[in-house]
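>>> with the sequence up front, the predicted model follows.
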Amino acid sequence: MSEFINVLAYFFVIGGAVAIVIGLIGVYRMPDFFTRLHAASIVDTLGTIFIIFGLLLYSGINLVSAKLILIMLFVLITTPAAAHALAKSALHGNLRPMLDGEK
Amino acid sequence: MFDRNKLIHISGMLITLAALWLLLSGYFKPLLLFFGLVSIALVLVISLRMELIEYDKPDVLRQTLRSIPYGFWLLVEIFKANIDVCKRILNPSLPISPRLVRITSTQRGDLARTAYANSITLTPGTISIDVEGKEIEVHALAELGEETLATGEMDRRITAVEDKGYV
């Protein structure tokens, strides 16, 4: 049973790594600043959630897993604030987002 | 000296801080437990003196416990939105149509509106750029993200949580 859970943990951690790679490909492919932020938020959410969930499965239920959950909560609360600050300062710095039909 | 409501708020904060301290430290030696108690008392005294406790809202413990179901719903939404954005990125023709949308939020308090704007940004495909009063300006990657927001499901849920005094 613990073998199975370990394999599941590896699966989730690798899945998180794949999500981060997809996010980076997105940052590379997207045309302008705002659309790149969307791609970067994949790294923030899916990457973090998958990797920490994998580590949770690996550690089992103890104090470490409680701390991992707290880390996940903290990351999920702070990264949108950073993304919002970036987007807002870009918009107020007169960087106009590329809208549909201007490609 | 204290009325009932005040007592509930203070004890709720005490329990939350004590649980957080135990989770983060994991020590059960008497000396360290005493230090933990001192630090909790210090935090409580400071937040009482700064009048940080909002007595007209539910206490911290209740707020934390009752926003958990919304958190799980949000996780599912984040997962769905992630799959959509990943598909768009990996599609060779890059099918995006970025747009700016103004949506109206129905929350009353600042905390709930912050939670809403934060949830929007957390969901890939939508970023809240600006908040003016009750209006939130959202940059959406494609039509779909706008449509899921336009149904107002997330807005409705947060407002429901706020009205029941949850957030």
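Yep, it's here. As the structure is a computational prediction, the values presented were derived from the model and not from experiment.
>>> so which residue is dead centre in the chain?
The chain I'm using is chain A. Centroid-nearest residue in chain A: residue A:44, 1.9 Å away (criterion: C-alpha atoms, centre = their mean).
>>> meant chain B actually
Note: chain B centre (C-alpha atoms, centre = their mean) maps to residue B:115, 4.3 Å.
>>> list the contacts of the helix or strand where that one lies.
Assigned by DSSP states H and E, residue B:115 belongs to helix B:110-122. By C-beta atoms under 8 Å, 6 or more residues apart in numbering or on different chains, the residues outside helix B:110-122 that reach it are A:41, A:44-45, A:76-77, A:79-81, A:83-84, B:67, B:74, B:78, B:105, B:107, B:126-128, B:131, B:134, B:136, B:138, B:149, B:154-155, B:158-159, B:161-162, B:167. C-beta here means a position set from N, CA and C on the backbone, and glycine is covered the same way.
>>> residue B:78 is in contact with residue B:154, correct?
No. Contact between residue B:154 and residue B:78 fails when scored by C-beta atoms under 8 Å: they sit 11.0 Å apart.
>>> give me the domain ranges for chain B.
B:4-60, B:67-163 (automatic domain parsing).
>>> let me see the mean pLDDT of the shortest one.
Mean pLDDT, taken over the full extent of domain B:4-60, equals 86.
>>> distance from that domain to the middle of the chain?
20 Å (C-alpha atoms, centre = their mean, to the nearest Å).
>>> what of the last one?
Distance of domain B:67-163 from its chain centroid, counting by C-alpha atoms, centre = their mean, is 13 Å.
>>> so for it, what's the average pLDDT?
82.
>>> and for residue B:153, the neighbour number?
Neighbourhood size, residue B:153 [other C-beta atoms under 10 Å in any protein chain shown]: 12.
>>> which residues sit in contact with it?
Contacts of residue B:153 by C-beta under 8 Å, 6+ apart: none found.
>>> again, only this time at 10 Å
By C-beta atoms under 10 Å, 6 or more residues apart in numbering or on different chains, the residues touching residue B:153 are B:73, B:77.
>>> on that earlier part again, what's the most buried one of the domains of chain B?
Mean neighbours per residue, mean count of other C-beta atoms under 10 Å in any protein chain shown, is largest over the domains of chain B for domain B:67-163, with a mean of 18.
>>> and the end-to-end length of that one?
End-to-end distance of domain B:67-163 (C-alpha to C-alpha, to the nearest Å): 12 Å.
>>> same thing with stretch B:84-104?
Note: stretch B:84-104 ends 24 Å apart using C-alpha to C-alpha.
>>> what is in contact with residue B:154 and residue B:78 at once?
Contacts common to residue B:154 and residue B:78, judged by C-beta under 10 Å, 6+ apart, are B:119, B:123.
>>> got any ranges where chain A has weak pLDDT?
A:101-103 (pLDDT under 70).
>>> the lengthiest helix in it near chain B at all?
What stands out as the longest helix in chain A, according to DSSP state H, is helix A:63-92. Yes. With C-beta under 10 Å from any C-beta of the partner chain as the criterion, chain B is reached by helix A:63-92 at A:63-64, A:66-67, A:69-70, A:73, A:76-84, A:86-88, A:90-92.
>>> centre of the chain to that helix, how far?
9 Å.
>>> and the angle for that helix with helix B:110-122?
90 degrees (axes from the mean of the first three to the mean of the last three C-alpha atoms, to 10 degrees).
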